[in-house]
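Peer 1: Dropping the sequence and predicted coords here.
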Amino acid sequence: MIRTTAVPRPVRVGTALLGVAGIVTLAGCAGGATDAAAPAETTAAPAASSAPSASASSATGSATSGTYADGTYEATGQYATPESVETIDVTLTIAGDTVTAVEVTGDPQAAESKRYQSEFIGGIQDEVVGKKLDEISVSKVAGSSLTSGGFNTAVETIKTEAKA
C-alpha cells in the first residue's frame, strides 16, 4: 500500500486562488496591439508587482490656467522586470494643462533594461508632448511596455503634485 501525506485543504485552496489571480493579472497586461518585431518584454513580471514611488519634487512656477498649476514637475516611477526592479525619473513641464516638455532618465540594473529604457526615452516625447496631462497613459513606446508602467506611475505622482 502506498501511503501519502495529504496537503491541507486551506493550502490547496490558497494555492489555487494565487494561480487564478496570477492569470487574471497577466491577462490584464496583454491588452492592445502587439508589435511582432519587438522582443517579448511583456512576458515579464505582472504589473501588480511594481511598486509605486513616493519620490516627487516640488514645482517651479505657479501660474494656474486650469486643473493643473503650470510648472516643471519631477517624479520617480518603478516597475518590475524578471531580473530586477527598475526606476526611471520623469520630468514634465506643464502649461495650460498641456505637456510642453518631457525628460526621462533611467538607471537600468539589467542589460536588457538598458536597451528598453533607451528605446523608451527615444520615443516618449512623440507620445506625450502637446497632449493634455489627463490624456497621458502610455502602454508601449518603441517596443518597451514595462518601462511604460513606471512612466505612468510617475505621471500619476506629478498629477497629484500639480493639482491647482
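Peer 2: Great, that's in hand.
Peer 1: Now do the nearest residue to residue 146 once chain neighbours are set aside against residue 125, distance only.
Peer 2: Spatial nearest neighbour of residue 146, chain neighbours left out: residue 79 (5.1 Å); criterion: C-beta to C-beta, 6 or more residues apart in numbering. All C-beta atoms are positioned from the backbone trio N, CA, C, and that covers glycine. Using C-beta to C-beta, to the nearest Å, residue 79 is found at 20 Å from residue 125.
Peer 1: Between those two, point out the one with more neighbours.
Peer 2: The neighbour comparison of residue 79 against residue 125 (other C-beta atoms under 10 Å) goes to residue 79, with 27 against 15.
Peer 1: Report the contact partners of the more buried one.
Peer 2: When contacts are counted by C-beta atoms under 8 Å, 6 or more residues apart in numbering, residue 79 touches 50, 85, 86, 88, 146, 147, 149, 150, 153.
Peer 1: where's it, which helix or strand?
Peer 2: Using DSSP states H and E, residue 79 sits within strand 71-80.
Peer 1: go on, residue 147?
Peer 2: helix 146-162.
Peer 1: how about that helix as CSV, C-alpha atoms only?
Peer 2: Output of helix 146-162 as CSV, limited to C-alpha atoms (Å, rounded to 0.1, in the frame of the first residue of the first chain):
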residue,chain,number,x,y,z
LEU,A,146,7.3,47.6,-18.8
THR,A,147,9.0,51.0,-18.8
SER,A,148,5.6,52.5,-19.6
GLY,A,149,4.3,51.3,-16.2
GLY,A,150,7.0,53.2,-14.4
PHE,A,151,6.3,56.2,-16.5
ASN,A,152,2.6,56.1,-15.8
THR,A,153,3.3,55.8,-12.1
ALA,A,154,5.5,58.9,-12.2
VAL,A,155,2.8,60.8,-14.2
GLU,A,156,0.2,60.0,-11.5
THR,A,157,2.5,61.4,-8.9
ILE,A,158,3.1,64.5,-10.9
LYS,A,159,-0.7,65.0,-11.4
THR,A,160,-1.1,64.9,-7.6
GLU,A,161,1.7,67.4,-7.1
ALA,A,162,0.4,69.7,-9.9
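Peer 1: circling back to that earlier point, save the contacts of residue 79 as TSV, and put in neighbour count too.
Peer 2: Below are these laid out as TSV (neighbours: other C-beta atoms under 10 Å):
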residue	neighbour count
50	20
85	15
86	24
88	27
146	26
147	30
149	23
150	28
153	23
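Peer 1: In a markdown table, list these along with distance to residue 99 and pLDDT.
Peer 2: Shown next, in a markdown table, are the contacts of residue 79 (distance: C-beta to C-beta, whole Å; pLDDT from 0 to 100):
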| residue | distance to residue 99 | pLDDT |
| --- | --- | --- |
| 50 | 22 | 33 |
| 85 | 26 | 91 |
| 86 | 23 | 92 |
| 88 | 16 | 93 |
| 146 | 22 | 87 |
| 147 | 17 | 89 |
| 149 | 18 | 91 |
| 150 | 17 | 92 |
| 153 | 16 | 93 |
